[in-house]
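Visitor: Requesting a structural model of the entry that follows:
(2 chains)
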Amino acid sequence: MAATLCGKLLPRQGWLPLTQSVRHGSKAVTRHKRPMHIIKQKLLAVTQYIPPRRVVAPGAYPSQTKKVKEESGLELLLKREVKNVFQDCQMVAVVQNNASNAEDMLILRHRLYKHGITVKFFPNQVMRSFLMGSNYQNMAHLFIGPNVLFVSKEPKAKEMLVTLRGSPQMVLLGACIDGTLLSAQGVVGYSKLPSVTTIQGEIVSGLTMLTSHTASMLQHHPHHLSALLQQYLKEQSPEASAEEAL
Amino acid sequence: MISLIKFAVCGLSNSCRINGQLQGTMQSQFKVLFAGMKTYDVPPDFSGVLLPEKPKLKFMNKVPNFKKARKEAKKLRDIQGPAKAANTFTSGQYAIVAMGGGYIHWGHIEMMRLTINRKMDSRTTFARWRINAPYKPITRKGLGQRMGGGKGAIDHYVTPIRCGRFIVEVGGKVELAEVEPILREVAKKLPFPAKVMSRESLAAMQQEQAEMEENNENPWTFKQIARSNMLGIRKVLSPFDLHHHGRFTGKFHFPGRV
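Guide: Residues are numbered from 1 along each chain as shown, chains lettered A, B, ... in the order given. All right, here's what the predicted structure looks like:
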């Protein structure tokens, strides 16, 4: 290193060394980063930290142990609510709401409430985890994106469809009515069905058609009955004579 | 849509004041409907935290009270290398830690004291100095003086700080997020790089350093080469490098080095 006189103690008074170098480097501690000797720079470059090599890229394979996320209290609470909803209500319809503001929602809720249909909101995550555990697994794929549940104790599909026709941004995705999963067209068809009492009446009338027919026939005048019987015999006898002739 | 038409009709028919009133009443009726899954973390328990009587940073003198002030040699080695004193937490939770060496003078200390005392809530937080008042005299010659003529007169006093030393410690019934902006603002203004750390983050940093040393894939380390004087490298290294294994140079610290 270059040697200069500054800071150096002279052994005798009035003594000066034979040679004095003019140039001197900076001190050890400087405000700037002192220029390092090239060999020291090389040493630092050679002895850099090399992190352990990853054989597999971080996102290449899925993790072996799948982390089972514990359900928080809020999730359990919401699941219980969903379960109650599915137990109590006969009709559960899933509707997608696209950009409806609070005013429209309020009006829709009012109209539906008049028919006894309530509007429910549940997070998709909770709905999907509940449905996967229950019988209605095929309904789980409906819960993607922003959606609303329309639930009611009585299955009032026709009123619901009429109300939904008034708000074009709500799109019916599907419904679970009386334990059967229906698509949008299925719901439309369900709404077109006549009521239970009329169907029951039709079935009863179909079953008792023959007996009622015979009862009505017997109530006719006995002449009519005798004419019919004679006609029947006539038909029988030519057939018998035709058979004998052959 | 329906709502837009309604709004337009309202705007046309009613006056502004009535419209505002109407909108106000409507807004109070409308609820924002959503289905969210956000659950909040349990807030931390601060029941065991004792707040001292004087929570604010105390005033530090510009000049130490000597009868006779002595001029000192420059001794820049009090800035070199890592800190041995005041490099762990004592009473607080969060601290400003120096990441390089330097001198703090009274101006810095006043800035820190005033900023922290102003911005912190003295009911819930307390702050403590981890540095001494300036004690090292720095001399200056007058303007335009030629070289020679003796050492200059004492100009001001400074505190030497090494890398890893704590400057200010803050604690109390607060979380890091409340205290961090204040400490970060102060740390930016210090003459050396400084970081805001909590107990956990300091432990994490030390842990990371230990892990780096352990799982280093490089078969050659500075420590090994310098100690065994391979290639006669001690010619270009100083005894300081031997002690600190290439992680410090002058007042600077290289955090990536192992």
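Visitor: can you map out the helices along chain A?
Guide: A:38-46, A:73-88, A:102-114, A:124-133, A:157-166, A:184-192, A:196-207, A:209-218, A:222-245 (DSSP state H).
Visitor: any chance of the ones you listed in JSON lines, plus distance to B:I167?
Guide: For glycine as for every other residue, the C-beta is placed from the backbone atoms N, C-alpha and C. Output for those, formatted as JSON lines (distance: least, C-beta to C-beta, whole Å):
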{"stretch": "helix A:38-46", "distance to B:I167": "29"}
{"stretch": "helix A:73-88", "distance to B:I167": "43"}
{"stretch": "helix A:102-114", "distance to B:I167": "52"}
{"stretch": "helix A:124-133", "distance to B:I167": "46"}
{"stretch": "helix A:157-166", "distance to B:I167": "66"}
{"stretch": "helix A:184-192", "distance to B:I167": "67"}
{"stretch": "helix A:196-207", "distance to B:I167": "82"}
{"stretch": "helix A:209-218", "distance to B:I167": "101"}
{"stretch": "helix A:222-245", "distance to B:I167": "120"}
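Visitor: Correct me if wrong: B:E217 contacts A:R53.
Guide: Yes. In this structure, B:E217 is within contact of A:R53 by C-beta atoms under 8 Å, at 6.7 Å.
Visitor: who's more crowded, those two?
Guide: Per other C-beta atoms under 10 Å in any protein chain shown, whichever of B:E217 and A:R53 has more neighbours is B:E217, with 9 against 6.
Visitor: For A:C176, which non-adjacent residue is spatially closest?
Guide: A:V92 (4.7 Å; C-beta to C-beta, 6 or more residues apart in numbering or on different chains).
Visitor: Tell me the spacing between the one you found and chain B.
Guide: 15 Å (C-beta to the nearest C-beta, to the nearest Å).
Visitor: and that residue, what is it in contact with?
Guide: By C-beta atoms under 8 Å, 6 or more residues apart in numbering or on different chains, the residues touching A:V92 are A:V85, A:F86, A:L149, A:F150, A:V151, A:A175, A:C176, A:I177.
Visitor: Quick check: residues of the stretch 151-258 of chain B near chain A?
Guide: Within the stretch 151-258 of chain B, the positions near chain A by C-beta under 8 Å from any C-beta of the partner chain are B:212, B:215-218, B:220-222, B:225, B:231, B:233, B:235-238, B:240-241, B:246, B:249-252, B:256-258.
Visitor: buried subset of the residues you listed?
Guide: Applying 16 or more other C-beta atoms under 10 Å in any protein chain shown to these, the neighbour count classes B:216, B:221-222, B:225, B:233, B:236-237, B:241, B:246, B:249-252, B:257-258 as buried.
Visitor: ok, so of those residues, who is nearest A:P194?
Guide: Within these, distances to A:P194 taken as C-beta to C-beta reach their minimum at B:N216, with 81.4 Å.
Visitor: Hmm, B:V258 and that closest one touching each other?
Guide: Yes. With contact defined as C-beta under 8 Å, B:N216 reaches B:V258; the gap is 5.4 Å.
Visitor: shared neighbours of those two, anything?
Guide: A:Y49.
Visitor: Paired strands for the longest strand seen in chain B, with orientation please.
Guide: As assigned by DSSP state E, the longest strand anywhere in chain B is strand B:153-161. Taking DSSP bridges as the criterion, strand B:153-161 sits next to strand B:102-105 (antiparallel), strand B:136-140 (antiparallel) in its sheet.
Visitor: Pull out the CA atoms of that strand and give them to me as PDB.
Guide: C-alpha atoms of strand B:153-161 as PDB (Å, rounded to 0.1, in the frame of the first residue of the first chain):
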ATOM      1  CA  ALA B 153     -11.900  23.300  17.000                       C
ATOM      2  CA  ILE B 154     -14.700  21.100  18.100                       C
ATOM      3  CA  ASP B 155     -17.700  21.800  15.900                       C
ATOM      4  CA  HIS B 156     -20.300  19.400  17.100                       C
ATOM      5  CA  TYR B 157     -20.900  16.000  18.700                       C
ATOM      6  CA  VAL B 158     -22.100  12.800  17.200                       C
ATOM      7  CA  THR B 159     -23.000   9.200  18.200                       C
ATOM      8  CA  PRO B 160     -21.300   6.500  16.200                       C
ATOM      9  CA  ILE B 161     -23.700   3.700  15.100                       C
END
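Visitor: Report all helices and strands that whatever helix or strand comes next after it contacts.
Guide: Counting by DSSP states H and E, the element after strand B:153-161 in chain order, helix or strand, is strand B:166-172. With contacts taken as 3 or more C-beta pairs under 8 Å, 6 or more residues apart in numbering or on different chains; DSSP states H and E, strand B:166-172 sits against strand B:94-98, helix B:106-119, strand B:125-129, helix B:176-188.
Visitor: Quickly note the distance from B:K195 to B:R118.
Guide: 22 Å (C-beta to C-beta, to the nearest Å).
Visitor: So between these two, which is more surrounded?
Guide: Taking neighbours as other C-beta under 10 Å, B:K195 and B:R118 compare with B:K195 leading, 16 against 9.
Visitor: mind exporting the helix or strand hosting the more buried one as PDB, just the C-alpha atoms?
Guide: Using DSSP H and E, B:K195 maps to strand B:194-198. C-alpha atoms of strand B:194-198 as PDB (Å, rounded to 0.1, in the frame of the first residue of the first chain):
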ATOM      1  CA  ALA B 194     -32.400   1.600   8.400                       C
ATOM      2  CA  LYS B 195     -35.300  -0.800   8.700                       C
ATOM      3  CA  VAL B 196     -38.400  -1.100  10.800                       C
ATOM      4  CA  MET B 197     -38.400  -4.500  12.500                       C
ATOM      5  CA  SER B 198     -40.500  -6.300  15.000                       C
END
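Visitor: what packs against it?
Guide: Using 3+ C-beta pairs under 8 Å, 6+ apart, strand B:194-198 sits against strand B:94-98, helix B:176-188.
Visitor: ranking those by burial, who's on top?
Guide: strand B:94-98 (a mean of 27; mean count of other C-beta atoms under 10 Å in any protein chain shown).
Visitor: Run the contact check for that one versus chain A.
Guide: No. Strand B:94-98 lies apart from chain A when judged by C-beta under 8 Å from any C-beta; the minimum separation is 14.7 Å.
Visitor: which helices and strands sit right next to that strand?
Guide: strand B:166-172, helix B:176-188, strand B:194-198.
Visitor: quick one: it to strand B:194-198, angle?
Guide: Going by axes from the mean of the first three to the mean of the last three C-alpha atoms, to 10 degrees, strand B:94-98 is angled at 150 degrees with respect to strand B:194-198.
Visitor: Now do strand B:94-98: distance to the chain's middle.
Guide: From the chain centre to the centre of strand B:94-98 is a distance of 4 Å (C-alpha atoms, centre = their mean, to the nearest Å).
Visitor: mean confidence for it?
Guide: For strand B:94-98, mean pLDDT rounds to 97.
Visitor: What pairs with that strand, parallel or antiparallel?
Guide: Counting by DSSP bridges, the strands paired with strand B:94-98 are strand B:166-172 (antiparallel), strand B:194-198 (antiparallel).
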